[in-house]
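[1] no sequence on this one, just coordinates:
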């Protein structure tokens, strides 16, 4: 099970206006990078699983 917590409400009070404007873009970039990493990891895992199935008698 994946569980996440956030304290963004507390941190938003400490940010400047410019930082608040940039926050959604920064989150977008971080999520896109994570998604790309997950695609690569998933692809690598599928290759490992299917290669293993191919080599079994």
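    On my side now, so go ahead. Worth saying up front: this structure is predicted, and the values here are computed from it rather than measured. Numbers count the residues shown, from 1 in each chain.
[2] which ones are touching the most centrally placed residue in the chain?
    Nearest residue to the geometric centre of the chain (C-alpha atoms, centre = their mean): residue 34, 2.9 Å. By C-beta atoms under 8 Å, 6 or more residues apart in numbering, no residues touch residue 34. Bear in mind the C-beta positions are built from the backbone N, C-alpha and C, glycine included.
[3] look up how far residue 22 lies from it.
    Remark: distance between residue 34 and residue 22 (C-beta to C-beta, to the nearest Å) = 18 Å.
[4] now residue 30
    12 Å.
[5] and the gap between the residue nearest to the centre of the chain and residue 40?
    11 Å.
[6] the residue nearest to the centre of the chain sits in which helix or strand?
    Using DSSP states H and E, residue 34 maps to helix 17-55.
[7] now that helix: buried residues?
    Across helix 17-55, burial judged by 16 or more other C-beta atoms under 10 Å covers no residue at all.
[8] quick one: mean pLDDT over that helix.
    The average pLDDT within helix 17-55 is 89.
[9] how far does that helix sit from its chain's centre?
    5 Å (C-alpha atoms, centre = their mean, to the nearest Å).
[10] residue numbering should commence at 37 henceforth.
    Fine by me, first position is 37 from now on; the one you just mentioned is helix 53-91.
[11] tell me how far the residue nearest to the centre of the chain lies from residue 40.
    12 Å.
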